[in-house]
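> model this:
(one chain, ligands or ions: 1)
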Amino acid sequence: MKLAMIGFGQAGGKVLDKFLEYDEKHGSNIVRAAVAVNTAKADLMGLDHVPEENRVLIGQSRVKGHGVGADNELGAEIAEEDIDEVQGAIDSIPVHEVDAFLVIAGLGGGTGSGGAPVLAKHIKRIYTEPVYGLGILPGGDEGGIYTLNAARSFQTFVREVDNLLVFDNDAWRKTGESVQGGYDEINDEIVKRFGVLFGAGEVEQGGEVAESVVDSSEIINTLAGGGVSTVGYASETVENSGGSGGGLLSKFTGGSKSQPEDSANTTNRITSLVRKAALGRLTLPCEIDGAERALLVTAGPPAFLNRKGIERGRKWLEEQTGSMEVRGGDYPVPNSGNVAAVVLLAGVTNVPRIKELQQVAIEAQENIDEIRDESEENLQNLVEDDDDELESLF
Ligand SMILES: Nc1nc2c(ncn2[C@@H]2O[C@H](COP(=O)(O)OP(=O)(O)OP(=O)(O)O)[C@@H](O)[C@H]2O)c(=O)[nH]1
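Next up is the predicted model:
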């Protein structure tokens, strides 16, 4: 499906940049338009793929291009004040050509955390296309203020979008590696998952697999109904000897020269990939039982995809989630050397990570209030002499 993507803040901009890189590399045509918004000039300048004219610096009169320093209330205020500047960039998007908007932001900082929900609310008021959010939760080691920001932003962002897709940095941090150092790899993981998901709805129907190709309406219907979503992914390398005769054309016709293999093998591979995807590490770890809707996408050379595999995978997902709304389909990629399963679980509600985030955020909030109260008193004690013998100048 074709998306208008808006990256808000540093993380939002960097992930958006990665989506553009992915699109170029795979010819997947997901990003119909890309806009980066930030209060920090340096972050905008650091982007490689977002066109210069689509980089919007907001809040110049307030923060002089230096960012909001993890103050997400200020981030939200600036976004409201300068919404016309962001709208100016959105005006250049051919909205009739996009299926949906995707607003991307790290929820732990200030600019994206505060600004993304404001922007989502604004876009929803103006356009009829669905507005999705991609919210990135901070790592647990980032500290109280980031957790508090994320918890408040999460609550607001969910309310303002048609669906909030969540990625949890904490679950993706490698042991022994700070999240900071690993962002590049983490961003690759984000884009791979959402790239296959959204790319699936972009394949034109036709050829042998026509009837089972995922349509963008299936993605939209899975996300409709709101709430929070998470994505699972698993892949396996296959011996794809063909595809060479197909090239770009075969990508669209679904034709491929790859060797047909035993269909039982194909089915079994897909079935186990679906299980690995759903039970492995999700973008937001959660209990899949109780997910309201799901979409299964199997991607790879057409000879390695089959309807039986998808059907079995779908049935298994129905059992595991207890949902009656599990969709499934193919994403034929003739020249690929991988078969992958992507599982979108929409409307998840049993998410211990969010409850934990909220608990830590409440504690952080209480600590901050306490320290503020104490600090006034402590300063008073320091500055005033014990017996009040000194007088200030004026
Ligand atoms: N996955 C991922 N997360 C990131 C990246 N950069 C930052 N983050 C996360 O996003 C959160 C917000 O950081 P930024 O995006 O830098 O903050 P900002 O929105 O620019 O806001 P200010 O810097 O406070 O003005 C951080 O706490 C991290 O958890 C990135 O490249 N990838």
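
> how is this structure carved up into domains?
The chain breaks down by automatic domain parsing into domains covering 3-200, 231-346.

> the shortest one vs the ligand: in contact?
By that I understand domain 231-346. No. Residues of domain 231-346 are not located near the ligand by Cβ under 6 Å from any ligand atom, the shortest gap being 10.3 Å. C-beta here means a position set from N, CA and C on the backbone, and glycine is covered the same way.

> kindly check the end-to-end length of that domain for me.
9 Å (Cα to Cα, to the nearest Å).

> quick one: distance of it to the chain centre.
Mean C-alpha position of domain 231-346 versus that of the full chain (Cα atoms, centre = their mean, to the nearest Å) differs by 20 Å.

> quick one: mean pLDDT over it.
Average pLDDT, domain 231-346: 86.

> and what of the longest one?
Regarding domain 3-200, the rounded mean pLDDT is 95.

> that domain near the ligand at all?
Yes. Interface with the ligand: domain 3-200 contributes 9-11, 14, 39-40, 67-70, 106, 108-113, 136, 138-139, 142, 146, 169, 183, 186-187 (Cβ under 6 Å from any ligand atom).

> on that earlier part again, got CSV for the domains of the chain, with mean neighbour count and distance to F394 too?
CSV is the format used below for the domains of the chain (neighbours: other Cβ atoms under 10 Å; distance: least, Cβ to Cβ, whole Å):
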stretch, mean neighbour count, distance to F394
domain 3-200, 21, 30
domain 231-346, 20, 56
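
> tell me how far D91 lies from V56.
12 Å (Cβ to Cβ, to the nearest Å).

> what touches both of those two?
Overlap of the contact sets of D91 and V56 (by Cβ atoms under 8 Å, 6 or more residues apart in numbering) is empty.

> turn the domains of the chain into JSON lines, including distance to E370.
Below are the domains of the chain laid out as JSON lines (distance: least, Cβ to Cβ, whole Å):
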{"stretch": "domain 3-200", "distance to E370": "12"}
{"stretch": "domain 231-346", "distance to E370": "31"}
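
> mind checking which of those is nearest R372?
domain 3-200 (12.8 Å; Cβ to Cβ).

> chain center to the closest one: distance?
Centroid displacement of domain 3-200 relative to its chain, using Cα atoms, centre = their mean, is 8 Å.

> that one: end-to-end distance?
Distance across domain 3-200, first residue to last, is 13 Å (Cα to Cα).

> and the helices in the stretch 251-394 of the chain, which stretches?
Counting by DSSP state H, counting those that start in this stretch, the stretch 251-394 of the chain has helices at residues 263-279, 307-321, 352-383.

> which among these is found nearest to E81?
So among the helices of the stretch 251-394 of the chain, helix 352-383 is nearest, using Cβ to Cβ, at 25.1 Å.

> tell me the contacts of the residue most central in space within the chain?
The chain has L134 as the residue nearest its centroid, 3.2 Å off, counting by Cα atoms, centre = their mean. For L134, the contact set (Cβ under 8 Å, 6+ apart) comprises 15, 102-105, 164-167, 190, 194.

> and E80, by the same measure?
Contacts for E80 (Cβ under 8 Å, 6+ apart) come out as V118.

> cool, and T266?
T266 neighbours (Cβ under 8 Å, 6+ apart): 303-306, 309.
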